[in-house]
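[1] I'll drop the sequence and a predicted model, then ask my questions.
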Amino acid sequence: MSVVLLLLFLAIAIGIGIWRQRKAVAVREKEAMGVVEPAPSWKGIFVHPGHAWVEVMEPNLVAVGTDEFTSSSMIQQGGKAWRLKRGTRELVQTSPISGRVEEVNQDLVQNPRLLLDKDTQKNWMLKIRPLRLKRELKNLLYGNMLRQWNKAVKDRLVATLTMAEFPVLQEGGEIKPDLGDGLTSQQWEKVTEEFFSPGK
């Protein structure tokens, strides 16, 4: 009886060893081919402090957009990605990720009001084939850190504009959706410099 148990144990141990070895070979082959599979913690939206976001669509494709366009161009994390224009005002936003632009959201080009939509399936700007996804996602805000950062930015914006005696809040304490429309040129420059410039 003990001989049978010993043989059964050895068979299971050898089987596990073979399975682990095959799995390790498969992982090395994927790495050699450059295939990067996202870890479960990569799911969701990652935000750059310049107010641009990344959503991992596939292991080697991400969608990017702006919070609250050029096909086949290379863009760099922290570099200029796109310009938003409204009237005479312009806002240049930085790219949250480096890579090759694969697609421009033509629906958004035709209807910029889609930026107001909370659905990232509609309001993305570019689809990018990232160069260093795993490394660059570590530079972006996510989860609880993102919530804390958003609150701090909102508080800083309110403090910045309240000191200028400018009404920034609706009833209930929420920032006005079209806040930029009511800013003077000087206030606009201050807000864009302080809240949308790289490294802020």
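    Sure thing, it's come through. This is a predicted model, so every value here is computed, not measured.

[2] make it CA atoms for all contacts and neighbour counts henceforth
    Noted.

[3] K154 in helix, strand or coil?
    helix (DSSP: H, G, I helix; E, B strand; the rest coil).

[4] could you measure from it over to L141?
    Separation of K154 from L141 (CA to CA, to the nearest Å): 15 Å.

[5] of those two, who's got more company?
    More neighbours surround L141 than the other of K154 and L141, with 19 against 15 (other CA atoms under 10 Å).

[6] check what pLDDT that one gets.
    Note for L141: predicted pLDDT of 88.

[7] repeat that for the one 4 residues further on.
    In this model, M145 is scored at 90, pLDDT.

[8] what strand or helix carries it?
    Remark: M145 resides in helix 143-163, with elements defined by DSSP states H and E.

[9] elements contacting that helix?
    Contacts defined by 3 or more CA pairs under 8 Å, 6 or more residues apart in numbering; DSSP states H and E place helix 143-163 against helix 185-196.

[10] what residues sit buried inside the helix it packs on?
    Within helix 185-196, the residues scored as buried using 16 or more other CA atoms under 10 Å are Q187, W188, V191, T192, E194, F195, F196.

[11] helix or strand right after the helix or strand bottoming out on mean pLDDT in the chain?
    Least confident element among the helices and strands of the chain, by mean pLDDT, DSSP states H and E: helix 2-33 (a mean of 58). Proceeding N to C from helix 2-33, the next assigned helix or strand is strand 45-48, under DSSP H and E.

[12] quick one, the helix or strand following that following strand and helix 185-196 angle?
    Later in the chain than strand 45-48, the nearest helix or strand by DSSP H and E is strand 52-58. Relative orientation of strand 52-58 versus helix 185-196 (axes from the mean of the first three to the mean of the last three CA atoms, to 10 degrees): 40 degrees.

[13] helices or strands up against whichever helix or strand comes after strand 52-58?
    The helix or strand immediately downstream of strand 52-58 is strand 61-66, counting by DSSP H and E. In terms of contacts (3+ CA pairs under 8 Å, 6+ apart), strand 61-66 is packed against strand 52-58, strand 124-130.

[14] out of the ones you listed, which gets nearest to E136?
    strand 124-130 (9.2 Å; CA to CA).

[15] run me through the strand neighbours of the closest one, direction for each.
    Paired with strand 124-130 in the same sheet, following DSSP bridges, are strand 61-66 (antiparallel), strand 99-104 (antiparallel).

[16] can I get that strand in PDB? Just the C-alpha atoms.
    Written as PDB, here are the backbone C-alpha positions of strand 124-130 (Å, rounded to 0.1, in the frame of the first residue of the first chain):
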ATOM      1  CA  TRP A 124     -11.500  58.500 -26.700                       C
ATOM      2  CA  MET A 125      -9.300  60.500 -29.000                       C
ATOM      3  CA  LEU A 126      -6.700  58.200 -30.200                       C
ATOM      4  CA  LYS A 127      -5.900  54.500 -30.300                       C
ATOM      5  CA  ILE A 128      -2.200  53.900 -29.800                       C
ATOM      6  CA  ARG A 129       0.100  50.900 -30.100                       C
ATOM      7  CA  PRO A 130       2.200  51.600 -27.000                       C
END
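
[17] low-confidence regions, the protein specifically.
    Residue ranges of the chain with pLDDT under 70: 1-43, 51, 66-73, 162-179, 197-200.
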